[in-house]
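1. pasted the sequence and its predicted model underneath.
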Amino acid sequence: MIWGFAGPWYGEFLRDDDGKLPKTDFERLERQLKFLVRYGLKCTGVSLDTLVKLTDSERERVTQFLADHDLFFVLHVGYNYVNADSDTVKFETERILNLLSRYAPLVHSQLVVTTAHAGHRFDRKIPLERKLERLIFVLTPLAQGCRELGLSFGIENHCDFYISDLVAVCQAVPHLGILLDTGNTYVIGEKPLPAFKEAAPYVVGTHFKDHFVRPRPDLFPLCLEVDGAPLGEGDVPLRECYKILKQCSPDPDRLVMLIEMVAPKGMNPLNCWKKSLEFVRELEVM
């Protein structure tokens, strides 16, 4: 497994020696990469469009830093898949694949991720079956193009669809995998372990995070409160998830494990981070 960090990028993680926060995308990327090196991690995510917008000199400095420290970027892509007309689908597919062919080798990327960009399964704006059919249509050429470029391609469960919905899309789209967000299962009302087991054969990467959860029957509308937690201390069964992925994911050695850590209210993010990283290091020797 390849460990990285997805965020959130708290100010405590990005301040320079004078306590100043980054002012540009370039400064932010540089400090994110230095954070990875400091903690022995290998990757983080960046929007493909952010990478494109850097100046040539900025991009050269970033790519040199990646090469010097054996790091890589996970590239984020996407557009309004469900509502795009056929001309937009053709244009965006070609644009994304052309940019990936140019920039993915520069940043040593091995994984491209997207979200559904389709509302959520309960919004009723478009029937669920129609949304999934549309995702299958637009993601098929992107997945094939990524395959031809030697890149894995995954769709995240982004608090929007059940894992079973995304598995159905993966079964219909050759070379499409899942970026499994371990905490987002709670947000949409899934039981985590069954979802992890169903996703595992398709998982190409994770947002590996934990949450404290508590039902609130005293509120209306009714809700399940989902708060941040140090990894290993919340209610997400991360140890079991780790075991499932090691046993059942298609390529555990290349599995990109992006730690996503949300500090609970009142807890210093650096303290939360130290606890979370200690938990991950314990997993690695299981």
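-> That came in fine, so what should we check first?

2. pretty sure Asn184 contacts Ile163?
-> No - with contact defined as CB atoms under 8 Å, Asn184 and Ile163 do not form a contacting pair (9.5 Å). Heads up, the C-betas are built off the backbone N, CA and C, glycines and all.

3. quick check: neighbours shared by the two?
-> Residues touching both Asn184 and Ile163 comprise Asn157, with contact defined as CB atoms under 8 Å, 6 or more residues apart in numbering.

4. all helices of the chain, in order?
-> Ranges of helices in the chain, per DSSP state H, are 11-14, 25-38, 48-53, 56-69, 86-103, 128-148, 163-172, 184-187, 192-199, 238-248, 269-284.

5. tell me which of these sits most buried.
-> Highest mean neighbour count among the helices of the chain (mean count of other CB atoms under 10 Å): helix 184-187, with a mean of 22.

6. show me what it is packed up against.
-> Where contact means 3 or more CB pairs under 8 Å, 6 or more residues apart in numbering; DSSP states H and E, helix 184-187 is packed against helix 192-199, strand 223-228.

7. so for Arg28, which of those sits nearest?
-> strand 223-228 (21.5 Å; CB to CB).

8. give me the buried stretch members for the closest one, please.
-> 226, 228 (16 or more other CB atoms under 10 Å).

9. by how many degrees do that strand and helix 269-284 diverge?
-> For strand 223-228 against helix 269-284, the angle by axes from the mean of the first three to the mean of the last three CA atoms, to 10 degrees is 90 degrees.

10. which residues are in contact with strand 223-228?
-> The set of residues that contact strand 223-228 without belonging to it, under CB under 8 Å, 6+ apart, is 183, 186-187, 189, 210-216, 261-265, 267, 272.

11. Val213: neighbouring residues, count only.
-> When neighbours are defined as other CB atoms under 10 Å, Val213 has 17 of them.

12. from Leu245, how far off is Phe208?
-> Relative to Leu245, Phe208 is positioned 9 Å away (CB to CB, to the nearest Å).

13. quick check: which ranges of this structure have low pLDDT?
-> For the chain, no stretch is flagged by pLDDT under 70.

14. spatially central residue in it, please.
-> To find the centre residue of the chain, average its C-alpha atoms and take the closest one (CA atoms, centre = their mean): that gives His207, at 5.0 Å.

15. tell me the contacts of that residue?
-> Contacts of His207 were listed using CB under 8 Å, 6+ apart, and they are 6, 156, 179-184, 258, 260.

16. redo those as TSV? Include distance to Val285.
-> Listed next are these as TSV, based on distance: CB to CB, whole Å:
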residue	distance to Val285
Ala6	23
Glu156	28
Leu179	25
Leu180	22
Asp181	25
Thr182	20
Gly183	24
Asn184	27
Leu258	20
Glu260	22
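
17. of the residues you listed, just say which sits nearest to His120.
-> Closest approach between these and His120, by CB to CB: Asn184, at 11.2 Å.

18. and that closest one, what does it touch?
-> Here Asn184 is in contact with 156-159, 207 (criterion: CB under 8 Å, 6+ apart).

19. filter the residues you listed down to the buried ones.
-> Among those, those scoring as buried are 156-158, 207 (criterion: 16+ other CB under 10 Å).

20. just give me the closest of the residues you listed to Lys125.
-> For Lys125, the nearest member of the buried ones among the contacts of Asn184 is His158. The distance, counting by CB to CB, is 16.7 Å.

21. what's the closest non-adjacent residue to that closest one?
-> Excluding its sequence neighbours, the residue lying closest to His158 (CB to CB, 6 or more residues apart in numbering) is Thr115, at 4.2 Å.

22. what's the spacing between the spatially most distant residue from the centre of the chain and Phe212?
-> For the chain, the residue at maximal distance from the C-alpha centroid (CA atoms, centre = their mean) is Asp218, at 33.2 Å. If you measure Asp218 against Phe212 using CB to CB, the figure is 17 Å.

23. many thanks, we can stop here.
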